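> show me how the following folds:
(one chain, ligands or ions: 2)
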Amino acid sequence: MMEKDLSYFTIEASTPREALERMRRQYGAEAKILTHKTVRRGGLAGLFTREAVEITGYVPRTEAKGRKEDLEEVKKKILADARREQSLQLILKEIQALKQDLGRPRPEAAGTPAGLSRLEDLLRGNEFTPAFIAEMLARIRREFSLEDLDNFPLLQSTVLEWIGSRLQIHPPLDPARKGVKAFVLVGPTGVGKTTTIAKLAAIYSVAPKGAAPRQVKIVTIDNYRIGALKQIETYAEIMRVPVACVESAVEFKKYLALCGESDFILVDTIGRSPRDLAKLGEMREVLDAAGSYSEIHLAVSATTKASDVEDILKTFEPFRYRAVILTKLDETLRLGNILSVLSSMGKPVSYIADGQSVPQDIERASVLRLLMNLEGFQCPRERLEKKFGRREKIADALWS
Ligand SMILES: Nc1nc2c(ncn2[C@@H]2O[C@H](COP(=O)(O)OP(=O)(O)OP(=O)(O)O)[C@@H](O)[C@H]2O)c(=O)[nH]1
Ligand SMILES: [Mg+2]
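Ligands and ions are numbered 1, 2, ... in the order given. You can find the predicted model right below:
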């Protein structure tokens, strides 16, 4: 063993036994005696001294170090345990929090009963706008008891009625109405304006029983596009309805001045992109010539997506259209987008066109017809008819 590994000590005691005992007590069993001698202590100038024992010895330092290392180990262990303890405490806290969370009714779970999410899916499937859906769901939450939320047939028929009540219907054209001579159809390109004008011309050429006969005339200001005039002339020829072309406000004014009391003029306009503001402005000037003699309706295809419908309804606003004619209803099963926008913008619907056949594929707008076009809703028809009235084909109304 190297010297630096030893720790030396000196012990002085009255007797050898006492020295030995103290060595064992202080340095343990490992301690070894190096020297042992008798010394004299105390007294005064060599007088009255007493005998004592002094031992020197050593104890291996390794032992002392070992104990220190042990201590380090113990400390580390304690620290590790403490850390583990802390982690355990954290985990425990988290578990407790989770338990509390699970025990508490979860807001979305509590707020979305099965019937409500089924209804949401139904509205989404019909492509109602998110804002419209949110409004409907909020109303259900407000007005339905928890018990009724489980009654899905009640839920869907009520919502269908709510949708219906928000739709506005514009009365059909009345050629006998005093003052209004011209009915004008504006709208984006290709939505079916000309076809709709032809359908209306065919229908209104026939006077209802007992009513005074009237002369339906078609005016087109869509004579710029190749084939446009030909298209309306072909229809007019079949129906024996006169067609006139008008290119300016002055011409239109002159034309109207020559019309008689019994004339009913249907005006077909050139299809304009809602983005082509300059051309829309020109057209407005021509139409303004008719002043209060005319009533303008806006044709919108039912296949247009919600954001575009909103744009169209806004862009054509300067024409002060009174109602919307929904065309191409036969081409879509998702009517929610249009209905959402119409109801949020408060625009009434006057006619519904649902096919290319002239004159059959048109009818007066009715809430029933619009609701019937919604997919997946099941509601007794009689219930809706009772609330919103029946669906009426124009032809039925005119020729019955
Ligand atoms: N499926 C379906 N097609 C329609 C309907 N109405 C019109 N169409 C068709 O849509 C196409 C365009 O119709 P038009 O009447 O020429 O449309 P427009 O709005 O006059 O078009 P522009 O004058 O070019 O702006 C034609 O092929 C029509 O047969 C409808 O209700 N349903
Ligand atoms: Mg046209």
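
> interface residues of this structure facing ligand 2?
193, 194 (Cβ under 5 Å from the ion). Where C-beta positions appear, they are placed from N, C-alpha and C, glycine not excepted.

> would it be right to say that residue 244 lies in a strand?
Yes - counting by DSSP: H, G, I helix; E, B strand; the rest coil, residue 244 is part of a strand.

> so this structure: which segments form each domain?
Following automatic domain parsing, one finds the domains of the chain at 1-104, 182-399.

> please state the offset of the longest one from the chain centre?
If you compare the mean C-alpha spot of domain 182-399 with that of the full chain, they lie 32 Å apart, counting by Cα atoms, centre = their mean, to the nearest Å.

> going forward, the N-terminal residue is numbered 21.
Happy to do that; since the first residue is 21 now, the last one works out to domain 202-419.

> so what's the residue nearest to residue 26 when sequence neighbours are not counted bridging to?
Excluding the flanking residues, the one nearest residue 26 by Cβ to Cβ, 6 or more residues apart in numbering is residue 78, at 4.3 Å. Beta-bridge partners of residue 78, counted by DSSP bridges, are residue 28, residue 52.

> where does the stretch 121-270 of the chain dip in pLDDT?
121-132, 200, 228-229, 242-245 (pLDDT under 70).

> and the helices in it?
127-131, 134-145, 150-163, 166-169, 172-186, 213-224, 248-259, 269-278 (DSSP state H, counting those that start in this stretch).

> who are the packing partners of the shortest one?
Helix 166-169 sits against helix 172-186, with contacts defined as 3 or more Cβ pairs under 8 Å, 6 or more residues apart in numbering; DSSP states H and E.

> now swap in the fifth one and tell me
Other elements packing on helix 172-186 under the criterion 3+ Cβ pairs under 8 Å, 6+ apart are helix 134-145, helix 150-163, helix 166-169, helix 356-365, helix 387-392, helix 401-408.

> show me what counts as buried in it.
Judged by neighbour count (16 or more other Cβ atoms under 10 Å), helix 172-186 contains these buried residues: 172, 175, 176, 177, 178, 179, 180, 181, 183, 184, 186.

> repeat for the second one
By neighbour count, and taking 16+ other Cβ under 10 Å as the criterion, the buried residues in helix 134-145 are 135, 136, 139, 140, 142, 143.

> and that helix, how far out from the chain middle?
13 Å.

> wait, residue 354 sits on residue 146?
Yes - assessed by Cβ atoms under 8 Å, residue 354 is found in contact with residue 146 at 5.6 Å.

> who touches both of these two?
residue 395 (Cβ atoms under 8 Å, 6 or more residues apart in numbering).

> between the two, point out the one with more neighbours.
Legend: neighbour count by other Cβ atoms under 10 Å for residue 354 and residue 146, higher for residue 146 (21 against 17).

> do you know how far that one is from ligand 1?
19 Å (Cβ to the nearest ligand atom, to the nearest Å).

> just confirm that residue contacts residue 390, I think it does.
No - the pair residue 146 / residue 390 is not scored as a contact, 11.3 Å apart, by Cβ under 8 Å.

> what is in contact with the two at once?
Here residue 146 and residue 390 share the contacting residues residue 355, scored by Cβ under 8 Å, 6+ apart.

> make JSON lines out of the domains of the chain and add distance to ligand 1.
Listed next are the domains of the chain as JSON lines, based on distance: least, Cβ to the nearest ligand atom, whole Å:
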{"stretch": "domain 21-124", "distance to ligand 1": "54"}
{"stretch": "domain 202-419", "distance to ligand 1": "2"}
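
> among the ones you listed, which is nearest residue 168?
Closest approach to residue 168 among the domains of the chain (Cβ to Cβ): domain 202-419, 15.6 Å.

> picking that back up, can you say which of the helices and strands packed on helix 172-186 is packed in most?
Stretch with highest mean neighbour count among those: helix 356-365 (a mean of 22; mean count of other Cβ atoms under 10 Å).

> tell me the mean pLDDT for that helix?
Averaging pLDDT along helix 356-365 yields 94.

> between it and helix 134-145, how big is the angle?
Between the axes of helix 356-365 and helix 134-145, defined by axes from the mean of the first three to the mean of the last three Cα atoms, to 10 degrees, the angle is 100 degrees.

> name the next helix or strand downstream of helix 356-365, please.
Note on helix 356-365: by DSSP states H and E, the next helix or strand toward the C-terminus is strand 369-373.

> and the helix or strand following that following strand, what does it pack onto?
Using DSSP H and E, the helix or strand that follows strand 369-373 towards the C-terminus is strand 382-384. Judged by 3+ Cβ pairs under 8 Å, 6+ apart, the packing partners of strand 382-384 are helix 213-224, strand 369-373, helix 414-419.

> that older thread, pick out the most distant pair among the buried residues of helix 172-186.
172 and 186, at 21.4 Å, using Cβ to Cβ across these.

> dig out what residue 74 forms beta bridges with.
For residue 74, the beta-bridge partners are residue 32, residue 57 (DSSP bridges).

> that one: neighbour count?
With other Cβ under 10 Å as criterion, residue 74 counts 15.

> doesn't residue 31 make contact with it?
Yes - using Cβ under 8 Å, residue 74 is in contact with residue 31, at 7.2 Å.

> what do the two both touch?
residue 39.

> give me the three-state assignment for residue 396.
Following three-state DSSP, residue 396 is assigned to coil.

> nearest to residue 231, of the buried residues of helix 172-186?
Nearest to residue 231 among the buried residues of helix 172-186, with distances taken as Cβ to Cβ, is residue 184, at 30.9 Å.
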